[in-house]
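>>> below is the structure, and that's it, no one-letter string:
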Ligand SMILES: *[C@@H]1O[C@H](CO)[C@@H](O)[C@H](O)[C@H]1NC(C)=O
Ligand SMILES: *[C@@H]1O[C@H](CO)[C@@H](O)[C@H](O)[C@H]1NC(C)=O
């Protein structure tokens, strides 16, 4: 019987591949088959393959330039997940897209304005020249969390938006497996950019409009972390509503929430746990002063993988008919917009709070 599952390769064998990609993909192994895992070195690829083999006995171990070429040439692999150091992902994604592969790239979308512009221009020219219309999806998962989907729909009930707060007191200390990740320590913008894209994605999804300008202060207090580790920014939304975004990479009092206050009510999304499960509490405060709260466990990574696999299996059939529209929540440009907001904040921080417009993509 012909293989019905979408066959993919994973480029990268680090913590996120081992702790998220492999387990989450194994839960949807009726839809997907991991055909190969690649890393620069054989040792690193083997480590991840050993974990994946339990769920995907067919998985092959690939490494180095030769291994990468084999994956690119393998026509049974239509899609590739790029889960590499933030500095190298865009170049790798473009190489695969040019070869006709559909790509799901991990966040952050890019590291600078120059890289975003190069990426979008290159992708447009690839699309103009390839009949297969390769999809460039960006994995940031927050837009797929049920809590944000629900939060966004509740926004319709709060009336005119008056103010927005996003407060992030992170817990990126030495107990966190990403704390010593070498590429993150050598990434311009540090953890603020790498982690911050998630919180901006959540914000943009909830309010349903773009951030137009920012004014920020950045600082470096915890010298165990790359700079900056603290950012405090005022921002302006397209709809005229002002807001604040405050992020501390590592604190002793982890707390993360988004709060949107309107004329007729307030919506708040809080990171939390319930019955040992991690997720979010979505609260709605109505005109009567009552608060209704619901807990939604995390499932964004799985939902996003499913959406990408669905797009890959559908585009192959549909592209010949008429322009298939892939899931917009994981399009590369959405991820680029999240990066653009943080780059504007970091830029403003460097200019002592000068008002900086957010580049539109
Ligand atoms: C790191 O943060 C977590 C969560 O706040 C905490 O449980 C843990 O004790 C912290 N570890 C260190 C070394 O500070
Ligand atoms: C850090 O990044 C710079 C520029 O991206 C690069 O030239 C350098 O080799 C990197 N260093 C390490 C140790 O990764």
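Nice, I can see it. This structure is a prediction, so every number in the text was calculated from the model and none was measured. Ligands and ions are numbered 1, 2, ... in the order given.
>>> how much space separates residue 120 from ligand 1?
In this view, residue 120 and ligand 1 are 37 Å apart by Cβ to the nearest ligand atom, to the nearest Å. For glycine as for every other residue, the C-beta is placed from the backbone atoms N, C-alpha and C.
>>> let me redo that: residue 23
For residue 23 relative to ligand 1 (Cβ to the nearest ligand atom), the value is 22 Å.
>>> for ligand 1, see how far away the residue in the chain sticking out farthest from the centre is.
Going by Cα atoms, centre = their mean, the residue of the chain most distant from its centre is residue 288, 36.5 Å out. Separation of residue 288 from ligand 1 (Cβ to the nearest ligand atom) stands at 36 Å.
>>> doesn't that residue fall inside a strand?
No - per DSSP: H, G, I helix; E, B strand; the rest coil, residue 288 lies outside any strand segment and is coil.
>>> separation between it and residue 264?
10 Å (Cβ to Cβ, to the nearest Å).
>>> pull the contacting residues for residue 29.
Contacts for residue 29 (Cβ atoms under 8 Å, 6 or more residues apart in numbering) come out as 5, 55-56.
>>> turn those residues into TSV, columns for neighbour count, distance to ligand 1 and pLDDT.
Shown next, in TSV, are the contacts of residue 29 (neighbours: other Cβ atoms under 10 Å; distance: Cβ to the nearest ligand atom, whole Å; pLDDT from 0 to 100):
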residue	neighbour count	distance to ligand 1	pLDDT
5	16	38	94
55	15	30	96
56	22	33	97
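>>> now, which of these sits nearest residue 223?
The nearest member of those to residue 223, counting by Cβ to Cβ, is residue 55 at 41.2 Å.
>>> and for that closest one, nearest residue in space, chain neighbours not counted?
In space, and not counting its chain neighbours, residue 55 is closest to residue 26: 3.6 Å by Cβ to Cβ, 6 or more residues apart in numbering.
>>> what helix or strand is that neighbour located in?
Using DSSP states H and E, residue 26 sits within helix 22-27.
>>> the residue lying closest to residue 56 once chain neighbours are set aside: neighbour count?
Take residue 56 and drop its neighbours on the chain: the residue closest to it by Cβ to Cβ, 6+ apart is residue 34, 4.3 Å away. Residue 34: 25 surrounding residues under other Cβ atoms under 10 Å.
>>> mind listing the residues bridging to residue 34?
On the basis of DSSP bridges, residue 34 is bridged to residue 8.
>>> for it, what are its contacts?
8-10, 22, 25, 52, 55-56, 59.
>>> quick one: which helix or strand includes residue 345?
Going by DSSP H and E, residue 345 is in helix 332-350.
>>> I'd like the mean pLDDT over that helix, please.
Taken as a whole, helix 332-350 has a mean pLDDT of 98.
>>> ok, now stretch 124-143?
94.
>>> tell me which stretches of the stretch 201-350 of the chain form strands.
With strands called from DSSP state E, counting those that start in this stretch, the stretch 201-350 of the chain shows them at 211-219, 230-237, 242-248, 250-262, 266-274, 277-285, 291-297.
>>> go ahead and name everything in contact with the second one.
If I follow you right, that is strand 230-237. 161, 164, 192, 196, 207, 209-221, 242-249, 341, 345-346, 348-349.
>>> within the sheet, what are the partner strands of it, with directions?
Looking at strand 230-237 with DSSP bridges, its partner strands are strand 211-219 (antiparallel), strand 242-248 (antiparallel).
>>> cool, the fourth one as well?
The partner list of strand 250-262 in its sheet, established with DSSP bridges, is strand 161-171 (antiparallel), strand 266-274 (antiparallel).
>>> which of these sits closest to residue 228?
Across these, closest to residue 228 is strand 161-171 (Cβ to Cβ), at 13.0 Å.
>>> now do the buried residues in that closest one.
161, 164, 166-171 (16 or more other Cβ atoms under 10 Å).
>>> mind checking pLDDT for the residue nearest to residue 56?
Reported pLDDT for residue 34: 98.
>>> against residue 301, how distant is it?
In terms of Cβ to Cβ, residue 34 sits 15 Å off from residue 301.
>>> one step back: buried among the contacts of strand 230-237? Make that a ChimeraX selection.
Selection of buried members from the contacts of strand 230-237 for ChimeraX, criterion 16+ other Cβ under 10 Å:
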select :161,164,192,196,207,211,212,214,215,216,218,243,245,247,248,249,341,345,346,348,349
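>>> that older thread, biggest separation within the buried residues of strand 161-171, which pair?
Longest span within these, Cβ to Cβ: 161 and 171, 29.8 Å.
>>> give me the residue from the stretch 1-150 of the chain nearest ligand 1.
Using Cβ to the nearest ligand atom, the closest approach of the stretch 1-150 of the chain to ligand 1 is made by residue 15 at 16.3 Å.
>>> related to what we said a few turns ago, list the helices and strands the helix holding residue 345 packs on?
helix 113-129, strand 136-139, helix 190-207, strand 211-219, strand 230-237, strand 356-357 (3 or more Cβ pairs under 8 Å, 6 or more residues apart in numbering; DSSP states H and E).
>>> for the residue lying closest to residue 64 once chain neighbours are set aside, phi and psi?
Excluding the flanking residues, the one nearest residue 64 by Cβ to Cβ, 6+ apart is residue 40, at 6.6 Å. Dihedral pair for residue 40: phi -60, psi -40, per degrees, to the nearest 10.
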